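[1] Fold the following.
(chains A and B)
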Amino acid sequence: MSRLPRGGLIERTRPLAFSFDGRAYAGFQGDTLASALLANDVTLVGRSFKYHRPRGIVGAGTEEPNALVELRHGARREPNARATTVELFDGLEARSQNAWPSLGFDLMAVNGWLSPFFGAGFYYKTFMWPKAAWEKLYEPVIRRAAGLGRAAEAPDPDSYDKAHAFCDVLVIGSGPAGLCAALAAGRAGARVILAEEDTAFGGRLLSETGPIDDAAPAAYVAAVLAELASLPNVRLMARTAVFGVYDGGLYGALERVADHKRAPDAFEPRQRLWKILARRAVLAAGSLDRPIVFGGNDRPGVMLAQAVQTYLNRFAVAPARSMAFFANNDAAWTVAFEAADAGAGVAAIIDVRHAVPEDLIAEATRRGLRRILGGEVVATSGKTLRAIDVAAAGRTERIAVDGLAMSGGYSPSLQLTCHHGGRPVWDAALAAFVPGRCPPGLSVAGAAGGVFARSACFADGAAKGAAAAQELGFTAPAFDLPSTADGPTGGSAFWHVATSRGLAFIDFQNDVASKDVALAVKEGFTSVEHLKRYTTLGMATDQGKLANVPGLAMLAQATGRSMADVGTTLFRPPWSPVSFAAFAGHHRGRDLRPSRPTPTHAWAQEHGAVFNDSGAWLRAAWFPQAGEAGWREAVAREVHATRTAAGFIDVSTLGKIDLQGPDVGRLLDRLYANGFSGLPVGKLRYGLMCREDGLVMDDGTTARLSEDRWLMSTTTANAAKVFQHIGFCLDVLWPELDVQAVSVTEHWAQIAVSGPRARDVLARLVDDPDAVAAQALPYLGVVEAPVMGGTKARIFRLSFAGELGYEIAVPADRGDALARALIAAGAPFGITPYGVEALAVMRIEKGHVSGPELNGQTTAADLGFGRMMSARKDFIGRVMAQREGLIDPARPALVGLRPVDRAQRLAAGAHLLERGAAATTSNDLGWVSSACWSPTLGHAIGLGFLVGGTARHGEVVRAWDGLRASDVEVEICAPCFYDPEGARLRG
Amino acid sequence: MADLLASIPPGARLPRARYGAAAGPPGVVVRERACTVATVAARRGRAAACVAQLAALTGTAALDSPNAVTAGDVMLIGTAPGRWSVLAAAGVDLEARLAPGLAGLASVVDQSGGVVAFELAGPAMDALLAGLVSIDLDPSVFPPGAAATTTLAYIGVTLWQAPAGHWTFLVGRSFAPAFERTVAASAARFGVAFE
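    As a prediction, the model looks like this:
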């Protein structure tokens, strides 16, 4: 056991049992999986992505590139969890991933022996030929060998929540700068949210020992938290990672509500996605230690010095029995001293600098620690670390250690500052990138902004927190800064041990080594963006938090440029990985989006309807009856009943827009291609609406209910779009028109009754049968006439099915009653409810265009409506419809199609070709847009668009469908197969 | 929790029952309020005159702003500039009651068949609202009497708080099942009763 006998912020009275690769271990409440593994001397944790090299734990937080594990099992199995951010809980199951047959003996490690061949761009170069082998052979093999963990195969049993929060000042991170920023803004009275990714607040203060106000740092953290918690205007959010900065002060954050439990409590979400709208934000995310690039720097046991400090002080774990330090800066010496003081063996401090401050030498001497100045680690050995080779003063020495703490200096965690495109700026004095242009309203405090001394972090945080509040008009009281001693922060830029032996890694997660950068440069990939993509440097799930700066430094060295000249790639959201489930929240499965029932939904369900999705609507598709073999039989029966007696269908989903005001007629003349202002009261008219670009947008009918009240109907699909279009026209294009448009789609239930007996049915439904007599309500007429004993109703005479037809509208809460009344009133006439499938058949028989024809690519002329385009008025789309391409006589025009061999079927989507022509794009003459089997005619029919189609009625072409392997000769005819004169409609 | 609604078809209203956490009193209680609703839309340039006439007709302190004002059995909710949803007791013919007085000033459109009014209350309302609604409902920003027309979970809603602690959501009829499902899922951890 490497657990130190005392110290740390773990709760030693609360032991926890967990397993790793099936072996049982114990840890404490407050541990992470990583600290508990280290406490149990488990240093080999995973295998690397490409070479399957043994890997251990490098970091102590969200930056961890190596220690990626699988958690839990079954449906809750979760890959790629960073052991450093997994809170230990009792019963935690973790497994190594990406190793076969075992973590200790991984056959795929052969990739490592072949590493001289697996350089940057290897896959691009090697697997180019033969092309067909890529999908069948190379990709599966590569995916098996590379890649990370396994996703669960069963649906996630947990729920995910979303929430919104609003504040004046959002503080991101709760180290010294974040705590003071939150306190300063909170005391000023601003609404403050303090978000901390970690389980506990305190940031680096949890990992350090230097006293604050003469007490341990944890005591200071506790006191500040107590005050923050006492302020009603401050909200503390732990386990909450702010992952992205979006427009208008919107911040995305992920709260890990129950990740630290075996399973969430009943009805508790696993995670919660927060949208935080903040007027100001202070980024206090701290900084991360950097790896040094040297041979064998990825061996388990090599760790960042900053992480060593965390394991020592926060988790009371000595990560190794005997440990060396390899650094270019003073802060690493502090960690070495703390390790020695805690009783961990420190074999040597190796500093690349030839001179370091005297007091560091004195402190090392006092502790009897060996130091090697001007030294470099050139190689390591052991499957897990056993020894390091150190070169200094012209000779190389092997030192036996099982731990090596490396520190290449600190990189500010400025990722969020880049989310609006701001580019970090190289600060040569700090040897670090510091924030450039920040998103509006966001300031940076403490180490994230390159302020490293602890006292300066306190001051900077307090100042930035107060400034944020003051900018919003709050008055910030004076802030007493805590007294603290600053640790040394000096250093000298150093990146790469040039005399290294063995692979020297830059990006551990993506197995990018120094040789890859050298190769990329040799091959001309010298821009940072090219380097990134060619080598995959910084493209892993950690987005190069550790790798980027050393990688860029090596590029700079290799190309003889400065870091400022090389620059950096930008960081994108998310700062740390976010599960898709959190983004989906409640919206998955049937709740992906709202399902909208029609007013007759419950009635249709009682009658056994099969429902289809029409956009968000659930519509009855057909009503199967006992003994019917399938849906075609049900549809044929429904069509037959409608054509010979009467049928009805709920058409409430059509958009309905109430238009009132003195200028409605003028508006309609401009919206529709055909004229409307002359429509008499009590009549309705079919209208075609174009987009500004001259293509058809929508069709429908509009009725004139009174002198200044009209009712427009739209297609189901375009209900919202047309309403929005009208709003745009009235608010932006023609504010002088006095028209009030109100959507009444939800208010009216509308049922279409069609068939030769439709009037007989209707007469039994209306309170006054005379109101629907042929003379009182002619074709394309509308009346208001109560039904079912006093229910307000509007009755429109029209039919999409091509029969004598009416649409009856009643308030939606009476829709269910209307359906039941229709069944009763229609029973003597053999009325049958029908669904959208039968409707589709009847409209194709009738040649009525619908969604497949109004597909956003067709003009009025293409549809055969050229003559509806009024020449006597202006309307939206009129000018653009005259463009050369849109009036080209060679444009495909609407035609009817029927198979020459009437026994054959037709499918929408088939291409139209001349007989004998090869099925090539250049021979393509058009397409079949809609097709069905017509029970009325007894054979298949279709609508389609054919080049020069109007002039080719009677000729024969082929409908070729490569997807479904059919090739049918079809006869071209007029696009109407049933009652072309419309006698039945007007009957 | 996917199980919570798994047995209920997506287009169906939820059976009146308690969902989610079963211990203690429910965190949220959902009731459907019977009412009649109409949209009043001011004619071009007549919003101010329309407000005055609405005040006279309804007895409310009508405002051309996103607020809910009430007098007797009538409530006026501003939903857009020069546009209101008017609520009254079930059975009232609002078109007949308001249209003559507003002739030339506004158009009145009955919406009673198309709107469902849900009243939500309970100790967990603040947490539930934070989950559902993407606007700031802090009392300093959204005091009782304020109203908002917005979307939640892809559902268009108009909402307000009156009296304090009681929140009303006007929802299109076809969206009522989706609204109930969203509320049930979001409030399950507190326990939610549909009465």
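
[2] and B:Phe190, how many neighbours does it have?
    20 (other Cβ atoms under 10 Å in any protein chain shown). Placement of C-beta: from N, CA and C, glycine included.

[3] can you tell me how far it sits from chain A?
    8 Å (Cβ to the nearest Cβ, to the nearest Å).

[4] give me the low-pLDDT residue ranges for the chain?
    As the question left the chain open, I've gone with chain A. A:1, A:100-101, A:107-148 (pLDDT under 70).

[5] my question was about chain B
    B:1-2.

[6] Which parts of it are strands?
    B:18-19, B:28-33, B:36-42, B:68-71, B:74-80, B:83-88, B:106-110, B:115-121, B:147-152, B:155-161, B:167-172, B:192-194 (DSSP state E).

[7] looking at it, A:Ala476 is touching A:Ala188, isn't it?
    Yes: with contact defined as Cβ atoms under 8 Å, A:Ala476 counts as touching A:Ala188 (4.0 Å).

[8] Mutual contacts of these two, please.
    Common neighbours of A:Ala476 and A:Ala188 are listed as A:466, A:469-470 (criterion: Cβ atoms under 8 Å, 6 or more residues apart in numbering or on different chains).

[9] of the residues you listed, closest to B:Leu76?
    A:Ala469 (37.8 Å; Cβ to Cβ).

[10] separation between the closest one and A:Gly56?
    44 Å (Cβ to Cβ, to the nearest Å).

[11] Pull up the residues of the stretch 551-700 of chain A that are close to chain B.
    A:586-591, A:593-599, A:601-602, A:605, A:611, A:616-618, A:658, A:660-661 (Cβ under 8 Å from any Cβ of the partner chain).

[12] Just the buried subset of these, please.
    A:586-587, A:590-591, A:594-599, A:601-602, A:605, A:611, A:616-618, A:658, A:660-661 (16 or more other Cβ atoms under 10 Å in any protein chain shown).

[13] Comparing A:Ala476 and A:Ala188, which residue is more hemmed in?
    Higher neighbour count among A:Ala476 and A:Ala188: A:Ala188, with 23 against 20, using other Cβ under 10 Å.

[14] so who does the more buried one touch?
    A:466, A:469-470, A:474-477.

[15] Of the residues you listed, keep whichever come out buried.
    Of the contacts of A:Ala188, these count as buried by 16+ other Cβ under 10 Å: A:466, A:469-470, A:474, A:476.

[16] Which pair of those residues spans the longest distance?
    A:Ala466 and A:Phe474 (8.7 Å).

[17] count of residues packed around residue 41?
    I went with chain A, as the question did not name one. A:Asp41 has 16 nearby residues by other Cβ under 10 Å.

[18] was after chain B, sorry
    The burial count for B:Ala41: 23, using other Cβ under 10 Å.

[19] ditto for the one 4 residues further on
    The local packing of B:Gly45 (other Cβ under 10 Å) involves 12 other residues.

[20] Spit out the contact partners of it.
    A:Asp738.

[21] got the phi/psi numbers for it?
    Backbone geometry at B:Gly45, expressed as degrees, to the nearest 10, gives phi 70, psi 10.

[22] can you tell me how far it sits from A:Ala339?
    To A:Ala339, B:Gly45 is 79 Å away according to Cβ to Cβ.

[23] Equivalent analysis for A:Arg704, please.
    88 Å.

[24] The two: which is more packed in?
    A:Ala339 (28 against 24).

[25] so what's the more buried one up against?
    A:Ala339 is in contact with A:308, A:312, A:318, A:323, A:346, A:405, counting by Cβ under 8 Å, 6+ apart.

[26] now swap in A:Ser562 and tell me
    Here A:Ser562 is in contact with A:426, A:428, A:556 (Cβ under 8 Å, 6+ apart).

[27] In strands only, show me these.
    Reading strands off the contacts of A:Ser562 with DSSP E, I get A:Trp426.

[28] from the contacts of A:Ala339, which single one is nearest chain B?
    A:Leu312 (38.8 Å; Cβ to the nearest Cβ).

[29] Tell me, how many residues neighbour that closest one?
    For A:Leu312, using other Cβ under 10 Å, the count is 25.

[30] Where does it fall, secondary structure wise?
    Taking DSSP states H and E as the definition, A:Leu312 sits inside helix A:305-313.
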